[in-house]
Each structure stands twice: as C-alpha cells, then as structure tokens.
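fold the following and give me the result.
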Amino acid sequence: MKVINDKVIMRERQPICNIPGVEPEVDVYDLLVQQQQIDEMEDFDTVDADELAEDVKKILCETDPKMRRYLDTKPEEVSKFKIEYDNYPTPMRGPNNGVDVLVCFAKSWSKDWGGEIITFEECEPKDVIASYPGRIVVNRNEAWIKVSQPNVRAEEELKYLFFTLSN
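Here you go, the predicted model:
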C-alpha cells in the first residue's frame, strides 16, 4: 500500500478474483484505541506511522490471545491514508502468511457518511463493517477487503492506519 499525493494505492492493483474456498475471516475490536487518545493525538499527518503501528500491535497482543504470536513481530507495509468522497480505493487481497490491520483514526464518524470496510467472498461483498473512531479491523486470510469512499456529506476526513504482521 502506498500513498501518493494523499491518494491511496493499495499493494498491487489487481481485479477482485475468485479465490476458491477462502471465506473472509475478520475480527473487529472496539474501544482498544479510545476516543480521547484520538482527540489528543497530534495532527494525523505528522504522527510517525511506524510508532503508531507498534503501539496498536502491542494493544492487540495484550488484549487478544490469538494476536500474542505477533508480539515480537515488526509491523510491515505501514502506511497512513485519508479517503475522501472522490477517492476510489482499490480492494486488496489479504496476506497468506499473517494478518492485515486497519485502524480508524477519524476524529468522529457517522455511519451515514459511508466509508465502510467491505470483505469479499468469491467476488461478491460478504461483510460490511462501519468505520468508527478507534475501530481496529484484522483480516486474517487471503480474502479481499476494501475501505469504500465516504459520501459527499462526510463532515470529517476518514483516516486509517494500515499495517501487516507476518507469521
């Protein structure tokens, strides 16, 4: 995943294709990153993405026994990105040897503004997860996942931290 001129370019641009036998395996964590922490954060653009990813990884590893295996793993492919109504993010395929982590760092967000995280099974949308400040979404397998663009009525920027933890 790369950010060029505030536009998100996910890993490799690939069409969503059928991956037989791969059903999305996604875990959602709320309240691990508190609203107060987001409000007190410096400008999202200036925060060090690697340090932020390391902090989130530690919180996940301390909270969920399934994540403890990644405690000594360094976050990879770390990036911060903003999605606006005129962005069209490309879906990305999950890792086959670890997990992808998405963390919403919007100051506030309304479900009416769009920006959902969508998982895919056999080229069709499977799950729709609302963006929410502090929400952490972990994709555990090769299923496709996408953050959709917000609609024009969004009053805040949709900000995400992304990183991968390898086995």
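
any buried residues in stretch 141-153, and which?
Residues of stretch 141-153 classed as buried: 141, 143-150 (neighbour count, 16 or more other CB atoms under 10 Å). Any C-beta I mention is one placed from the backbone N, CA and C, and that applies to glycine too.

show me where the protein has its strands.
Ranges of strands in the chain, per DSSP state E, are 2-4, 7-9, 26-29, 76-83, 92-93, 98-104, 117-121, 124-129, 136-139, 144-147, 158-166.

contact partners for residue 128?
Going by CB atoms under 8 Å, 6 or more residues apart in numbering, residue 128 touches 116-118.

let me know the closest of those residues to residue 160.
For the contacts of residue 128, the closest approach to residue 160 (CB to CB) belongs to residue 117, at 9.1 Å.

how much space between the closest one and residue 68?
Residue 117 sits 24 Å away from residue 68, going by CB to CB, to the nearest Å.

residues contacting the closest residue to residue 58 other than its chain neighbours?
Leaving aside its chain neighbours, residue 58 sits nearest to residue 71 (7.7 Å; criterion: CB to CB, 6 or more residues apart in numbering). Residues near residue 71 by CB under 8 Å, 6+ apart: 57-58, 61.

dump these to JSON lines, plus neighbour count.
Shown next, in JSON lines, are those (neighbours: other CB atoms under 10 Å):
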{"residue": "57", "neighbour count": "19"}
{"residue": "58", "neighbour count": "13"}
{"residue": "61", "neighbour count": "18"}
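
ok, now which ones touch the residue nearest the centre of the chain?
What sits nearest the mean C-alpha location of the chain, by CA atoms, centre = their mean, is residue 102, with 1.9 Å. Taking CB under 8 Å, 6+ apart as the criterion, residue 102 is in contact with 117, 136-139, 145, 147, 160-162.

any idea which of those is closest to residue 77?
Once CB to CB is applied, the member of the contacts of residue 102 that ends up nearest residue 77 is residue 162, at 7.1 Å.
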